[in-house]
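Peer 1: Kindly generate the corresponding structure for this input.
(chains A and B)
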Number of protein chains: 2
Amino acid sequence: MSSPHQANWIAADWGTTHLRVWSMSQSNEILDHRQSENGMGKLVSSQFEVALLDLVEDCLQPGRQTPVVICGMAGARQGWIEAPYLTTPCPPPALSEATVVPGTDPRLDVRILPGVRQMTPADVMRGEETQIAGFLSLEPEFEGRLCLPGTHTKWVELKKGTIRSFSTYMTGELFNLLSKQSVLRHGIAQAELDQNAFQTAIRDINSAPATLTEELFRIRAEGLLSGLSPAAAYSRLSGLLIGAELAAVKRGAAPNEQIVILGSDRIAAAYELGLTTLGLPSKCLPAEDITLRGLTLAYSSLKDLP
Amino acid sequence: MSSPHQANWIAADWGTTHLRVWSMSQSNEILDHRQSENGMGKLVSSQFEVALLDLVEDCLQPGRQTPVVICGMAGARQGWIEAPYLTTPCPPPALSEATVVPGTDPRLDVRILPGVRQMTPADVMRGEETQIAGFLSLEPEFEGRLCLPGTHTKWVELKKGTIRSFSTYMTGELFNLLSKQSVLRHGIAQAELDQNAFQTAIRDINSAPATLTEELFRIRAEGLLSGLSPAAAYSRLSGLLIGAELAAVKRGAAPNEQIVILGSDRIAAAYELGLTTLGLPSKCLPAEDITLRGLTLAYSSLKDLP
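Peer 2: Numbers count the residues shown, from 1 in each chain, chains lettered A, B, ... in the order given. Next up is the predicted model:
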């Protein structure tokens, strides 16, 4: 940063692969935004403070404790310190439920928000609960299903500001593994979505979900035998995996349930197209800074603490 | 080898990751068996002859062309030379259908057996057709479904010595990617099969095949929340993936169709247990040297050539 400033407080989204921080003013304006690749996956517990100071030290006031509000994998058992889960049904966590990290640099007051768990069937989130808080601040009356696309896509049932249940799908991670590291990589190239190939795959897998692992190899065979292009193969793989997920969602959805996809990028658009293909209406809501919005809400709840 | 011998002919199983060769006597006894990691995946076309000579040069007679009969990925487009596919329905290939590699060392007469393709739905095999030939030499009257477990498991419909149709499932490759490279690796340890966890997973996924990518993440969540052991997680992952495959097989199988699994290792036993769990009787047939048996049959058909 060219001109150091002094943060009133600091917001941090600390995931497995990245750390993103925002320096915030007293009126919750963004003074600065930085990120590093010091994700939780690269660090042992004793390294988190250094990784944080690397990004924020020049924003700290000497002689004052600057509040740092963190969400995400930094609160996992293998993270900085374990921040115990809330259990569904529950609203997104407030800062009063955060875990205070003991023994930090005296210029820091670090609190890690809890994740949320569901006992039956077992499921967990860390970070998405803060996105959900941000979403609920925009749509407080929302009742329905919220989709958070990602490496591990979450589908969250919301009602009256409460997370009632949720499910995680390994769709994004499977797509990355299969397109980059499996035999399919020989016939796949990233490209604009081929809508026809994508929608055909969505319908195929929804009508016969048991055929998924067979349909995956068929992408390779069609590349060899029928000239399936690498671009169409990319869209077909995406359609098969998103389609398998949506087939499960469709089977669990209530009639006329509202569906919102948090995001406005190409992945969110693919989810929307997939849902449309299966006759499920949905809308995309831009998710830019939705995590920061959730962190800001949590920080504001801290100011209400006695 | 301590004492070099002279091969009457040489059999070779040349896959993506390994090259296995057998030196054979005139009466088709094994004189020697060797292997290397010079699989097709590591070689460009010009390197295949050197990789072969590395293993067999000391078995060749000067002044004589030694026949070499090869099956597998050496015949792929990216292999030594492309050996065009036969198309289903067809019996396993005879040596008269093999592709002669031109311009080799004068001591070698190298022939690569074709693979088999199916046009609709698209599917391909290279190497398994030779295992099927070996199987049919043991069970010439077999009518039913043959399972060849592997990285890409094949299910082959056989009748009157003919490959009528087949399907490939990416089960083994998915298992390796998920257990070693995905988020699931943190909670999985290779272990003896936990039959209860395996069978429960088989039943779960057969009754709701659309839930596969959701059930995969649940393995991680159950490890975090309910103490699912790394050994039980291993068996559950295996059960979910084999179960997804068997759910598709069950939906396509004719009533009372005979099922034989080629193999006698732990993977073959897992397939047999999975089939039993779904009420499909099957038997395992030891597959040791079944590829060599198929290659020997092919070589014998060469001797009948004019």
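Peer 1: what's near enough to touch residue A:266?
Peer 2: Applying CB atoms under 8 Å, 6 or more residues apart in numbering or on different chains to residue A:266 gives the contacts residue A:193. C-beta here means a position set from N, CA and C on the backbone, and glycine is covered the same way.
Peer 1: That one and residue A:272, how far apart?
Peer 2: As judged by CB to CB, to the nearest Å, residue A:266 and residue A:272 stand 11 Å apart.
Peer 1: Residue A:299 now?
Peer 2: Separation of residue A:299 from residue A:272 (CB to CB) stands at 32 Å.
Peer 1: quick one, what contacts residue A:72?
Peer 2: Shown in contact with residue A:72 (CB under 8 Å, 6+ apart): A:12, A:13, A:14, A:15, A:40, A:126, A:127, A:130.
Peer 1: top of those by neighbour count?
Peer 2: Among these, residue A:130 has the most neighbours (other CB atoms under 10 Å in any protein chain shown), with 30 neighbours.
Peer 1: hang on, it packs against residue A:94?
Peer 2: No: using CB atoms under 8 Å, residue A:130 makes no contact with residue A:94, being 11.1 Å away.
Peer 1: In the stretch 1-150 of chain A, which residue sits nearest chain B?
Peer 2: Nearest residue of the stretch 1-150 of chain A to chain B (CB to the nearest CB) works out as residue A:122 at 4.0 Å.
Peer 1: and that residue, how many neighbours does it have?
Peer 2: Applying other CB under 10 Å, I find that residue A:122 has 19 neighbouring residues.
Peer 1: per-residue confidence for it?
Peer 2: If you check residue A:122, the pLDDT there is 97.
Peer 1: In what element of secondary structure is the nearest residue to it once chain neighbours are set aside found?
Peer 2: Sequence neighbours aside, residue B:221 is the residue nearest to residue A:122 in space, at 4.0 Å (criterion: CB to CB, 6 or more residues apart in numbering or on different chains). Residue B:221 is located in helix B:212-225, with elements delineated by DSSP states H and E.
Peer 1: And the contacts of that helix?
Peer 2: Residues outside helix B:212-225 that contact it (CB under 8 Å, 6+ apart): A:77, A:117-119, A:121-124, A:152, A:167-171, A:174, A:209, A:212, A:241, A:244-245, A:248, B:178, B:183-184, B:186-188, B:201, B:204-205, B:228, B:230, B:233, B:236-237, B:240, B:244.
Peer 1: cool, stretch A:268-284 as well?
Peer 2: By CB under 8 Å, 6+ apart, stretch A:268-284 touches A:147, A:149, A:193, A:195, A:198-199, A:202-203, A:206, A:238-239, A:242-243, A:246-247, A:249-250, A:253, A:259-264, A:287.
Peer 1: Please, where are all the strands along chain A?
Peer 2: For chain A, the strands defined by DSSP state E cover A:9-14, A:19-24, A:30-36, A:66-72, A:86-87, A:99-100, A:108-112, A:116-118, A:123-125, A:144-148, A:153-159, A:162-169, A:259-262, A:283-285.
Peer 1: Kindly list the longest helix within chain A.
Peer 2: helix A:230-252 (DSSP state H).
Peer 1: chain center to that one, what's the gap?
Peer 2: Distance of helix A:230-252 from its chain centroid, counting by CA atoms, centre = their mean, to the nearest Å, is 19 Å.
Peer 1: Could you tell me the angle between it and helix B:212-225?
Peer 2: Orientation check (axes from the mean of the first three to the mean of the last three CA atoms, to 10 degrees): helix A:230-252 against helix B:212-225 gives 70 degrees.
Peer 1: Okay, buried residues for helix A:230-252 please.
Peer 2: Using 16 or more other CB atoms under 10 Å in any protein chain shown as the test for burial, helix A:230-252 gives A:231-249, A:252.
Peer 1: My read is that residue A:260 contacts residue A:139, right?
Peer 2: Yes: counting by CB under 8 Å, residue A:260 does reach residue A:139; the two are 7.4 Å apart.
Peer 1: Residues that sit against both of those two, list them.
Peer 2: Jointly contacting residue A:260 and residue A:139 under the rule CB under 8 Å, 6+ apart are residue A:285.
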